[in-house]
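J.: generate coordinates for the sequence data below:
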Amino acid sequence: MINFIIPLLILLSAFSVKSQSLNITGSWSIFVPSSSISEAGNDYNTTLTSSLNQTLLDISVPVTNVSWRVDVHKQDSFWNASLILWVHKTGDGLGVLGSSILPVGFTSYQQVSNLEQLFFTGTKNHINIPVQYEIQGLSVLIPSENYNMNVIYTLIAY
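T.: Below you'll find the model as predicted:
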């Protein structure tokens, strides 16, 4: 059996604007029982996918015309390199009048690495931006352990 625990961690970066905030709700824990292998010689389904709104992001900036970006990266606590984490935004949440978010709507999955990378950008306040995760590479060849990592989102206002 392989357990996956992916707690989410918030990292806020303050640039040129005071009091911006990024609030994150949600986490994802996966338990893969050995009973999910139907016959000897078979492997696990190699991809695990979370719900469409596994994590919700709320972005608040104090000035209404402030642009911002959200970066994403991961920090491995105990992780097998064969397991690849992917993330994507499944909607835009709710924004105040005149706000924007890019890319709009459902985005393609992007691989999450240990290096910060742009996730999406926007203007003004947004709440309930839904995020989905996918793990690829699951196999019976990976040792049975409790693996965990942190997904770190950084809000940068400019």
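J.: helix or strand with the lowest mean pLDDT in the chain?
T.: Every helix and strand of the chain was ranked by mean pLDDT, DSSP states H and E. The lowest is strand 8-12, at a mean of 43.
J.: C-terminal to it, what's the next element?
T.: strand 21-25 (DSSP states H and E).
J.: quick one: contacts for the most centrally placed residue in the chain?
T.: The central residue of the chain, meaning the one whose C-alpha is nearest the mean C-alpha position (CA atoms, centre = their mean), is Val87 at 4.9 Å. Applying CB atoms under 8 Å, 6 or more residues apart in numbering, we find Val87 in contact with 72, 109-110, 112, 119, 131-134, 151. Every residue, glycine included, has its C-beta placed from N, CA and C.
J.: looking at these, which has the most residues close by?
T.: Val131 (27 neighbours; other CB atoms under 10 Å).
J.: how about that one: what's its closest non-neighbour residue?
T.: If the residues on either side of it in the chain are set aside, Val131 comes closest to Thr55, at 4.2 Å by CB to CB, 6 or more residues apart in numbering.
J.: which helix or which strand is home to the residue nearest to the centre of the chain?
T.: Using DSSP H and E, Val87 sits in strand 84-89.
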